[in-house]
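Colleague: this is a predicted model, with the sequence first.
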Amino acid sequence: MRWFFLLFIMLLVVTGNAVIFDSSSSTRVIDWIAFNLFPLSMILFWFGFYFSDGVKRAQLFVVGHALLVFSAGAGFVLIGTNIVLADSCEIVTFSGRTSGILWEFASYMQSIGYCRELGAGIVILGVVIAYPSARIFYGLARSR
């Protein structure tokens with residue numbers, strides 16, 4: 001099972017990077033960094049679970065979790081930034097689904113002309129999510 005999980009992570013990396021570099025986004029490099037933090041965190045979890053024990057396992061899990069949360073926060077910041085720059089809520093409403101709370105809220109914000117504010121809110125949410133992980137990385141960098 002351990003090698004299947006590693007194979008799944010590698011498949012995720014190849015597929016995700018192909019999608020990122022196939023797009024014509026102006027934030028392609030930032031998208032690449034934010035995306036690749038996620039598989040890196042999964043590899044740290046994998047290595048910690050299968051090949052480490054004790055203190056080393058705990059260290060790998062803490063750093064892996066911090067990378068995972070930072071990646072999620074960076075993803076929200078990128079989505080919010082794209083909404084603000086495009087001044088359009090299509091990123092949220094173009095999912096193909098015409099129901100659900102998120103779709104309803106984004107459609108309402110688009111109907112009253114507040115897409116930039118929605119994007120700014122998503123950016124703030126991403127910063128709030130990523131901030132604790134950034135503090136962990138800053139603390140680790142200072143302690144060395």
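Modeller: Great, that's in hand.
Colleague: which residues of the protein score low on pLDDT?
Modeller: In the predicted model of the chain, residues 25-26, 94-98 satisfy pLDDT under 70.
Colleague: tell me where the longest helix sits in it.
Modeller: Longest helix in the chain, counting residues (DSSP state H): helix 55-86.
Colleague: give me the buried positions along whichever helix or strand comes after that one.
Modeller: Later in the chain than helix 55-86, the nearest helix or strand by DSSP states H and E is helix 90-93. Residues of helix 90-93 classed as buried: 91-93 (neighbour count, 16 or more other CB atoms under 10 Å). Where C-beta positions appear, they are placed from N, C-alpha and C, glycine not excepted.
Colleague: using PDB, write out the CA atom coordinates for helix 90-93.
Modeller: Output of helix 90-93 as PDB, limited to C-alpha atoms (Å, rounded to 0.1, in the frame of the first residue of the first chain):
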ATOM      1  CA  GLU A  90     -17.000  33.300 -13.000                       C
ATOM      2  CA  ILE A  91     -14.300  31.300 -11.200                       C
ATOM      3  CA  VAL A  92     -16.900  30.400  -8.500                       C
ATOM      4  CA  THR A  93     -20.100  30.300 -10.600                       C
END
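Colleague: the host helix or strand of Arg142 vs helix 55-86, what angle?
Modeller: Using DSSP H and E, the element containing Arg142 is helix 115-143. Angular relation of helix 115-143 and helix 55-86 on a 0 to 180 degree scale: 150 degrees, by axes from the mean of the first three to the mean of the last three CA atoms, to 10 degrees.
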